[in-house]
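Visitor: generate coordinates for the sequence data below:
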Amino acid sequence: MDLSKRKLGLLLSTKPEHANLTTAVRLSRAALERGVDLYLYLIDDGVLAMDRPEVQELAARGAKLFVCAYACQKRRIPLSDPDRFNYCGLVVLTDLINGCDRFLAFN
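Guide: Residues are numbered from 1 along each chain as shown. Okay, here's the model as predicted:
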């Protein structure tokens, strides 16, 4: 099955120490290897993973990263480096959910 140009959205809401990060990263790598357009949305405690090397590696391989601005604000994480991250809110999350062929949430 040709998966190129299919869209996969992933939401990560748990702390980086949770096994969900490893699962999401492995799934993301597999999807990118198959040519899937990958959209990763970090929300709640998931925003704490935005500087992790494995997340940055996904971005370097072509994943589109979105970070919840409100979750950053609540955790006193400065909204810096807008070239690396797309800071956004729930409207963008809704668009991702509606625009992807598949959307998975890791809560």
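Visitor: what strands line up against the helix or strand of the chain with the lowest mean pLDDT, and which way round?
Guide: The weakest-scoring helix or strand in the chain, judged by mean pLDDT, DSSP states H and E, is strand 86-88 (a mean of 92). Note on strand 86-88: by DSSP bridges, its sheet partners are strand 64-68 (parallel).
Visitor: so how far is Ser13 from Asp45?
Guide: Going from Asp45 to Ser13 by CB to CB, to the nearest Å gives 6 Å. The way it works is simple: take the backbone N, C-alpha and C, and place the C-beta from them, glycine included.
Visitor: what's the next helix or strand after the least confident helix or strand of the chain packed up against?
Guide: Scanning forward in sequence from strand 86-88 by DSSP states H and E, the next helix or strand is helix 90-99. Packed against helix 90-99 by the contact rule (3 or more CB pairs under 8 Å, 6 or more residues apart in numbering; DSSP states H and E) you find strand 7-12, strand 37-42, strand 64-68.
Visitor: now do the phi/psi pair for Phe106.
Guide: phi -110, psi 100 (degrees, to the nearest 10).
Visitor: ok, now Arg52?
Guide: The phi and psi values for Arg52, taken as degrees, to the nearest 10, are phi -70, psi 140.
Visitor: surely it meets Glu17?
Guide: No - Arg52 is beyond contact range of Glu17, at 10.6 Å (criterion: CB atoms under 8 Å).
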